[in-house]
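> model this:
(2 chains)
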2 protein chains.
Amino acid sequence: MDVSTFFLKLLILLLSAKFFAEIFARLKLPSVLGEVIAGVILGPSLLDVVRPDAVFHLLAEIGILLLLFEVGLETDIGQLTKVGVQSTLVAVTGVILPAFLGYYFAHHILGLPFIAALFIGGTLVATSIGITVRVLADLRRQRTKTAQVVLGAAVIDDVVGVVILALLYDFVSTGEVSILKTLKVLMFISLFMVLAPVVARFLSLFIGKLSDTNKTKGMLPTLIISLILGMAVLSHEVGAPEILGSFAAGIALARRFFLPLAAGLEHYSHGLAEKIEVEMKSIIDLFVPIFFVVVGASMDLRVIDFGSQDFWMAALGLSCVAIAAKMASGVWVKGGWNKKLATGVAMVPRGEVGLIFAEVGKKAGVLNEVMYAVVVFVVAVTTLVAPLALRIILRREDGDSTT
Amino acid sequence: MDVSTFFLKLLILLLSAKFFAEIFARLKLPSVLGEVIAGVILGPSLLDVVRPDAVFHLLAEIGILLLLFEVGLETDIGQLTKVGVQSTLVAVTGVILPAFLGYYFAHHILGLPFIAALFIGGTLVATSIGITVRVLADLRRQRTKTAQVVLGAAVIDDVVGVVILALLYDFVSTGEVSILKTLKVLMFISLFMVLAPVVARFLSLFIGKLSDTNKTKGMLPTLIISLILGMAVLSHEVGAPEILGSFAAGIALARRFFLPLAAGLEHYSHGLAEKIEVEMKSIIDLFVPIFFVVVGASMDLRVIDFGSQDFWMAALGLSCVAIAAKMASGVWVKGGWNKKLATGVAMVPRGEVGLIFAEVGKKAGVLNEVMYAVVVFVVAVTTLVAPLALRIILRREDGDSTT
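Numbering: from 1, shown residues only, chains lettered A, B, ... in the order given. You can find the predicted model right below:
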């Protein structure tokens, strides 16, 4: 791509994202929805100005890393573990139910072959953690207990989604599934989830010291970005999604994190958390919207044949399955039905992982064009509708915001 | 490129840049040199970890835009125009002399054909504005009068370099040169240089208002980046280098800029300049080193056959021409010989534009492998040696820092 063309596209992307986000925010709707819609408009679906090609894709990936880092920064690991059981139950239900119901619907009602139906089940598994946390933040609910349960569940759900994708991919290409390998991956990931924040916290003490004595400009943001990237790469190496690494880095650098075995070193990090928040703020705010625009641009609605009855039957049916199955997962949350409902709805958006899943399925020859279009439709519906629904539900229970 | 591989490469790039920059700064040497050397080490010359491919190239281009924006922010347009005549004389001499001597040396001494010799002359024209301003900033001299002359000269020189490149390219591909077209381009560029800061200032008043009333996060950095990108694209459209646009945006947003005809609106910009500096700081500090690492990585020293006598004769001869011709341009600066010398030496680094020039020449079949290697050598020598020489000269005349 020509440099000047790239600059122009980036400019259009940034301005459109801000424009639609601002309009949505002024309408008291989640601004993330504005960014996704900006992506749909700019993407191949309509104007075809911004394609999710290599460069924008990589910038978007930096955006989602930074978002999860920011979420981690604001997370109290103590509170998160307190709701750990609820989160795990929500996540596991939110994985098994959509996978099974999706498979069942595709195989027994749509009559798809076994493997294709498995893939359809797979596309319904992973909640779009990005959309979910941004909606909660946009609605200023990220510190509520419901949000903590959702966050924990979305993280676990994302990990399980990636593991299942790898499993399915192996199954499609080799015809078998290695339980041993899967268990090994899960063990590595668990180990990573426990150790990564500790390692990151140790490194942050070192970063804090370095950034006090440096002779060059920009030491702190460069080292923090490096830490985030490093954790993301490590996370990928153990078989987990990259965002798990940046989330771990965020948790480790949060104010509310106690480093086991190194309480004596903790005085170094006084003030560091605040400095990190100040210096990282504009970088995060700049990159995060790129991710959501690219999510919108990745949903190529042109693949959908809106006149086809087959399409509508499959698309509406699968959308109902996708929504109902995730909503049911909220049943494990303690509290009133409104809380259960809010949690379930928050888990509904699918977004990028579903699309990747569908793309892998299409390339492997497992999903045909129609079923690929159906998945794109389901991803679009869940991504666009859930934030609006959540907004209505959360407005009804304003008591929740203080618990 | 795989996402995780990209993250790893970016991580290595950022950490190496900071590491070498910090070492150079602690040795009281310009830290930019550390970043370029990090690029040489990481690039194809040695480790071949970071190639200046599409993504890194585009990130680097954002880096140089931001650097010129920052330089613009710190520039007093009044002071810059005061030294305008000196800058122009330095720039014009620094364009004509290297072009002519380079051509003469290549044609009459090395015996190259006419067009190849023209290209060699062309590669010696453009001062690397990035290296030059960073060295002055690293040595904390960016506010001196010498620095103002150098800055003005480097900007003009860059514009003229791009125009000459376009001219030469036309000549090589069509066999003729359109004086009329060139004059038109120069007129457009002059018009842009006068109007762009005024337009950008008007827009900044609007940006200031918007960022006070916004409902979403990150309004200010997003709009500022958009302004920089927009000005860069406009600049490219009129035929000037993109960095002229971001420099104009910086000048327009500086504290010391008076907007003609709109003094009444100026109260909006109170405090805006400071807010811009705070919010843009970490973004700028993050991106700028990527540019210099990519400059280093672009110098593929493997193309050089260090055992060849022909190579050494051409390379050393052309290096002398490249250095002497730019140094002579400092003669126009008012003040002692030390100031003239400092200005001349500051104009010596060639860097990226010279490499682009050589690349175009190689692809057009005008420059052979040996002459391409010679140009890479000259670019490397001028880029690496000039900062060191400038450091020595500036230390000798410490009185300059207050004038």
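> When you work out contacts or count neighbours from here on, use the C-alpha atoms and nothing else.
Will do.
> burial of A:S178, as a residue count?
If you count neighbours by other CA atoms under 10 Å in any protein chain shown, A:S178 ends up with 11.
> Next: A:A166.
A:A166: 16 neighbours (other CA under 10 Å).
> Name the SS class of it, please.
The local conformation at A:A166, judged by DSSP: H, G, I helix; E, B strand; the rest coil, is helix.
> dump the residue contacts of it.
By CA atoms under 8 Å, 6 or more residues apart in numbering or on different chains, the contact set of A:A166 is empty.
> Got the confidence number for it?
What the model reports for A:A166 is a pLDDT of 79.
> Quick check: it vs chain B, distance?
16 Å (CA to the nearest CA, to the nearest Å).
> what's the answer for A:S16, then?
10 Å.
> For the stretch 151-300 of chain A, which residues are neighbours of chain B?
Proximity of the stretch 151-300 of chain A to chain B, by CA under 8 Å from any CA of the partner chain, involves residues A:214-219, A:221-223, A:225-226, A:229-230, A:232-233, A:236, A:242, A:279-283, A:285-286.
> Recalculate using a threshold of 7 Å.
Residues of the stretch 151-300 of chain A that fall close to chain B, judged by CA under 7 Å from any CA of the partner chain: A:215-218, A:221-222, A:226, A:229-230, A:233, A:236, A:279, A:282-283, A:285-286.
> what helix or strand does A:I131 sit in?
Here A:I131, judged by DSSP states H and E, is contained in helix A:129-138.
> do that helix and chain B meet at all?
No - Helix A:129-138 does not reach chain B (CA under 7 Å from any CA); its nearest approach is 8.5 Å.
> just checking, which of the residues of the stretch 151-300 of chain A next to chain B belong to helices?
Per DSSP state H, helices hold the following members of these: A:P221, A:T222, A:S226, A:L229, A:G230, A:V233, A:H236, A:E279, A:S282, A:I283, A:D285, A:L286.
> Can you lay out the residues you listed as JSON lines showing neighbour count, pLDDT and distance to B:L272?
Shown next, in JSON lines, are these (neighbours: other CA atoms under 10 Å in any protein chain shown; pLDDT from 0 to 100; distance: CA to CA, whole Å):
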{"residue": "A:P221", "neighbour count": "25", "pLDDT": "93", "distance to B:L272": "23"}
{"residue": "A:T222", "neighbour count": "25", "pLDDT": "94", "distance to B:L272": "25"}
{"residue": "A:S226", "neighbour count": "20", "pLDDT": "96", "distance to B:L272": "30"}
{"residue": "A:L229", "neighbour count": "28", "pLDDT": "97", "distance to B:L272": "32"}
{"residue": "A:G230", "neighbour count": "23", "pLDDT": "96", "distance to B:L272": "35"}
{"residue": "A:V233", "neighbour count": "26", "pLDDT": "96", "distance to B:L272": "38"}
{"residue": "A:H236", "neighbour count": "19", "pLDDT": "92", "distance to B:L272": "42"}
{"residue": "A:E279", "neighbour count": "20", "pLDDT": "90", "distance to B:L272": "18"}
{"residue": "A:S282", "neighbour count": "22", "pLDDT": "94", "distance to B:L272": "15"}
{"residue": "A:I283", "neighbour count": "24", "pLDDT": "96", "distance to B:L272": "19"}
{"residue": "A:D285", "neighbour count": "21", "pLDDT": "95", "distance to B:L272": "18"}
{"residue": "A:L286", "neighbour count": "22", "pLDDT": "96", "distance to B:L272": "18"}
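> Okay, and the residue of the stretch 1-150 of chain A found nearest chain B sits in which element?
Taking CA to the nearest CA as the measure, the point where the stretch 1-150 of chain A comes nearest chain B is A:L11, at 5.1 Å. A:L11 belongs to helix A:3-26 when assigned by DSSP H and E.
> Show the contacting residues for the nearest residue to A:V331 once chain neighbours are set aside.
With sequence-adjacent residues excluded and distances taken as CA to CA, 6 or more residues apart in numbering or on different chains, A:V331 is closest to A:K340, at 5.4 Å. Taking CA atoms under 7 Å, 6 or more residues apart in numbering or on different chains as the contact definition, A:K340 lies against A:G330, A:V331, A:V333.
> Just among those residues, which is most surrounded?
Top of these by neighbour count (other CA under 10 Å): A:G330, with 31 neighbours.
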